[in-house]
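Asks: sequence first, then the predicted structure:
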Number of protein chains: 2
Amino acid sequence: MPPVLLREPQAFRHVCDEARASGQRVGVVPTMGALHDGHLALVRDAKRRASFVVVTIFVNPTQFGPNEDLARYPRDLPGDLAKLTDADTVFAPEAGAMYPAGDETRVRVGALAEPLCGAFRPGHFEGVATVVTKIFGLTGPCVAVFGEKDYQQLAIIRRVVTDLFLPVEVVGYPIFREADGLAMSSRNAYLTPEERTRALALSRGLGEAARRFDVGERDARALREVILGQVRPAATSIDYVDVVHPDSLVPWRDGEKVGDHALAAIACRVGTTRLIDNRLLGNAV
Amino acid sequence: MPPVLLREPQAFRHVCDEARASGQRVGVVPTMGALHDGHLALVRDAKRRASFVVVTIFVNPTQFGPNEDLARYPRDLPGDLAKLTDADTVFAPEAGAMYPAGDETRVRVGALAEPLCGAFRPGHFEGVATVVTKIFGLTGPCVAVFGEKDYQQLAIIRRVVTDLFLPVEVVGYPIFREADGLAMSSRNAYLTPEERTRALALSRGLGEAARRFDVGERDARALREVILGQVRPAATSIDYVDVVHPDSLVPWRDGEKVGDHALAAIACRVGTTRLIDNRLLGNAV
């Protein structure tokens, strides 16, 4: 049975309030739709942790820069609904409902939003932090599940929840990959078959770095070069290939020795499609 | 009987959770302590609206500028507790408990924080919005009561609650005045007897403006001059005397005709003490 679809914030709040009032434990999986198996794994995980699971589908305009892909971001609400058999309710508001006239409050984080994608997408994480805080305000969830593919996003949401004392448990779910290693992403739909093949360089580079790390490589530059060896020939352009502290996200620079827990992270374009991927090195976090 | 005093955020959260779980309606009155009769009126109002009333006492460092009175702001926790017979719980955390190491999330509003005090206290309202959001996160209140003396603060908190969909009703309570008209403020304790007399110019100027407004005066400059006629000779320095839209807080400028609902607002120093006061003109808001 497809889940109940709600488009109005106050109607959605009411449904969540009723669920809580009837003793349900509410879980939420915030998404931008164009759902793939990775999203569905998050929903199944949420269903294990909560009795009443809501999925939000909202292509959040404030997290897109002026030259990014807001307009062409894939949207398929009927297809998404058909996949969400494990959800109890789907909330898919219009942009104007989440940012009505007069809206001007923003939630921002500091240092965590500066490295990695933050350096290339100014305002992106402020948009993310703001919309997730709004969704939490409406939903009042006990638990929220996010994918680890957006590792920096997850770290920032944990930070916001801790700092604002929001009463929600934030759960990170491991990256869901295609059989050949490509991290699932709604943006994979942009890739041509040839680009799809080239995009395997990301997971291959990360896998190679993990192997080198496991046999003792700790030189930051060497680890980055292992990844770049794969990514450079495949990518149209590279935003970053970094090895960072898994909590602070501060990169280790050339000449530095990385710690025993590290995160290797990539953002690059294959064709015009921006892809990200990451992998924890060591038994990290 | 004095209320229960809690200093640790998680212990405070637990008490609020228990109260809600037992069916209580939780109300909160956030304060910076040094309580006067105005604060106690807020607490009584909260008690009419909620069965379990918590008062927070926290001199919030992030809303003070580097040259402001954070260090000398009056503090009297034992005296405050003795006055809070109507409260069920008092939460008085240390600064480090509200802003522990690593804290970096801030809540900011845009246009509403720009005029009036926002123009003279950069960062002040970001500090206010942040700490109130934290207090709401910990308390999970149904209702929160704030004084209208801090009119811009109240407008900004309403904005944050609306924009972030926080599930709390925000109530503004009318300014509580001494018999001679002086708006009650913890900072009145700074005034010498001679300054205390001069400080009456604020309420006198606002009263005179209200009378002129009621008999039809709508010229923004004329209304400001009526107030300035009282405040200029009394104040050591003036931050602003403005007539603003009561919702947007946008000032009417010289030569403009004010609408039928307006707010007259003052910030000035009497001696070294910064005082604010305001008054709605017409049956405003």
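Replies: All right, it came through fine. Bear in mind the structure is a predicted one, so any value in this text is a computation, not a measurement. Residues are numbered from 1 along each chain as shown, chains lettered A, B, ... in the order given.
Asks: and chain A, which of its residues are near chain B?
Replies: Near chain B, the residues belonging to chain A are A:9, A:13, A:17, A:102-112, A:129-130, A:133-134, A:137-138, A:140, A:159-160, A:162-167 when assessed by Cβ under 8 Å from any Cβ of the partner chain. Every C-beta, even on glycine, is put in place using the N, C-alpha and C of the backbone.
Asks: how does it look with 6 Å?
Replies: Chain A has residues A:103-111, A:133-134, A:137-138, A:160, A:163-166 near chain B, with proximity defined as Cβ under 6 Å from any Cβ of the partner chain.
Asks: out of everything not next to it in sequence, what's closest to the most centrally placed residue in chain A?
Replies: Nearest to the mean C-alpha position of chain A, counting by Cα atoms, centre = their mean, stands residue A:150 at 3.1 Å. Here the nearest residue to residue A:150 in space, its sequence neighbours aside, is residue A:276; by Cβ to Cβ, 6 or more residues apart in numbering or on different chains that works out to 7.4 Å.
Asks: could you look up the SS state of that neighbour?
Replies: strand (DSSP: H, G, I helix; E, B strand; the rest coil).
Asks: kindly report the same for residue A:279.
Replies: When the rule is three-state DSSP, residue A:279 gets the label strand.
Asks: contact partners for residue A:164?
Replies: Contact criterion Cβ atoms under 6 Å, 6 or more residues apart in numbering or on different chains gives B:105, B:133, B:134, B:137 as the residues in contact with residue A:164.
Asks: just those: which are in helices?
Replies: B:133, B:134, B:137 (DSSP state H).
Asks: for the first one, give its distance to residue B:68.
Replies: According to Cβ to Cβ, to the nearest Å, residue B:133 and residue B:68 sit 21 Å apart.
Asks: out of these two, which sits in the busier spot?
Replies: In terms of neighbours (other Cβ atoms under 10 Å in any protein chain shown), residue B:133 is the more surrounded of residue B:133 and residue B:68; the figures are 26 against 13.
Asks: once you drop chain neighbours, what's closest to that one?
Replies: In space, and not counting its chain neighbours, residue B:133 is closest to residue B:107: 4.8 Å by Cβ to Cβ, 6+ apart.
Asks: show me where the stretch 151-285 of chain A has strands.
Replies: Shown for the stretch 151-285 of chain A, the strands assigned by DSSP state E, counting those that start in this stretch span residues A:169-173, A:237-244, A:262-270, A:273-281.
Asks: columns mean pLDDT and distance to residue A:119 on top of the ones you listed, output as CSV?
Replies: As requested, the strands of the stretch 151-285 of chain A are exported to CSV (pLDDT from 0 to 100; distance: least, Cβ to Cβ, whole Å):
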stretch, mean pLDDT, distance to residue A:119
strand A:169-173, 98, 22
strand A:237-244, 98, 7
strand A:262-270, 98, 10
strand A:273-281, 98, 13
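Asks: for these, which one ends up most surrounded?
Replies: Scoring these by mean neighbour count under mean count of other Cβ atoms under 10 Å in any protein chain shown gives strand A:262-270 as the most buried, with a mean of 24.
Asks: what helices or strands is that strand leaning on?
Replies: Taking 3 or more Cβ pairs under 6 Å, 6 or more residues apart in numbering or on different chains; DSSP states H and E as the contact definition, the neighbouring helices and strands of strand A:262-270 are helix A:200-214, strand A:237-244, strand A:273-281.
Asks: identify the residues contacting the second one?
Replies: Yep, that's strand A:237-244 we're talking about. For strand A:237-244, contacts defined as Cβ under 6 Å, 6+ apart pick out A:120, A:220, A:223-224, A:227-228, A:251-252, A:258, A:262-269.
Asks: one more time with 7 Å
Replies: Contacts made with strand A:237-244 from outside it, assessed by Cβ atoms under 7 Å, 6 or more residues apart in numbering or on different chains, are listed as A:115-116, A:120, A:220, A:223-224, A:227-228, A:231, A:250-252, A:258, A:262-269.
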